[in-house]
Each structure stands twice: as C-alpha cells, then as structure tokens.
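Trainee: Task: produce atomic coordinates for the following.
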Amino acid sequence: MAYFTDTSPFARPDEGLAAGREPSGDERRIVEAVRGVEVLVYDTMFTFDQYIEKMGWGHSYPEYAVALARAAEVPHLVLFHHAPGATDAELEAIAARWADHAAPAVSLAREGGGVDLEG
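Mentor: Sure, this is the predicted structure:
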C-alpha cells in the first residue's frame, strides 16, 4: 500500500501521464516507487477544473491519480483528502464517475471505510 497526501501532480496537465504522454522525470520516480503495491491512496482534493484554478496548492485531481496508478499498474486506487467544502452530492458524483473504472479499480475514501489488503 502507498499513501500520498498533500501531493500536487508531478507534471502539468498538458505534460506527462495526465496528457497521455511519457512520464516526466519526477513521474517516472513515483511510478517506480509505487509499482507493485496493491492499493494506492492518493490526494485528490480538487476536480480537474478546480485544480486548473489552484495549481500549486499542494493537491491533485482524480484524473491525474488514475493516470499515475495505471502507469504503475496498481490494481486499486482510493481517492481521498476531499475538499473540506465538498458536499455529499459532489462526492457522490465523483464516486459515480469512477465506479465502473477498471485498471485501476477506483473507489472513494469514506469515513469508517476500509480496504481489504488480504484478498
């Protein structure tokens, strides 16, 4: 398991993994660091549109986390560190957006929730 909190993307949205390109140097290092983990828990405080407005604030967005997990062949990604002002409806929309995603499977961290690492 790997846990990334307060983490900005390691490349701009028009570069590297999020843009469907080869990873940047920093992205390559992170991909290799998480390759082989079963679960990646990743800071996704912002939606993509919010991230564009707040680049450099120290948080990421789901599309980036998915691209990173896919590149590292991580089977399960957990989106967490939700924006403090996010409503339940907004979080449910994020969960619904990624519910059927495979490679990686994506889930939303929830209070009291857990991930089975044993099978």
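Trainee: which residues of the protein score low on pLDDT?
Mentor: The model of the chain has pLDDT under 70 over residues 119.
Trainee: need the helices for it, in chain order.
Mentor: All helices of the chain, identified by DSSP state H, fall at 25-34, 48-53, 62-71, 88-98.
Trainee: which residues does the spatially most central residue of the chain contact?
Mentor: The residue lying closest to the centre of the chain (C-alpha atoms, centre = their mean) is residue 65, at 2.5 Å. If a contact means C-beta atoms under 8 Å, 6 or more residues apart in numbering, then residue 65 has 40, 42-44, 77, 79 as its contacts. Any C-beta I mention is one placed from the backbone N, CA and C, and that applies to glycine too.
Trainee: wait, residue 61 sits on residue 46?
Mentor: Yes - with contact defined as C-beta atoms under 8 Å, residue 61 reaches residue 46; the gap is 4.9 Å.
Trainee: For residue 118, state which of the contacts of residue 65 is nearest.
Mentor: For the contacts of residue 65, the minimum distance to residue 118 (C-beta to C-beta) is 17.1 Å, reached by residue 40.
Trainee: Would you mind measuring from the closest one to residue 4?
Mentor: Distance from residue 40 to residue 4, counting by C-beta to C-beta, to the nearest Å: 7 Å.
Trainee: These two: which is more packed in?
Mentor: residue 40 (22 against 18; other C-beta atoms under 10 Å).
Trainee: For the spatially closest residue to that one that is not a sequence neighbour, give me its contacts.
Mentor: Residue nearest to residue 40 in three dimensions, not counting chain neighbours: residue 74, with 4.5 Å by C-beta to C-beta, 6 or more residues apart in numbering. Listed by C-beta under 8 Å, 6+ apart, the contact set of residue 74 reads 2, 34-35, 37-40, 104.
Trainee: I'm done for today, thanks for sticking with me.
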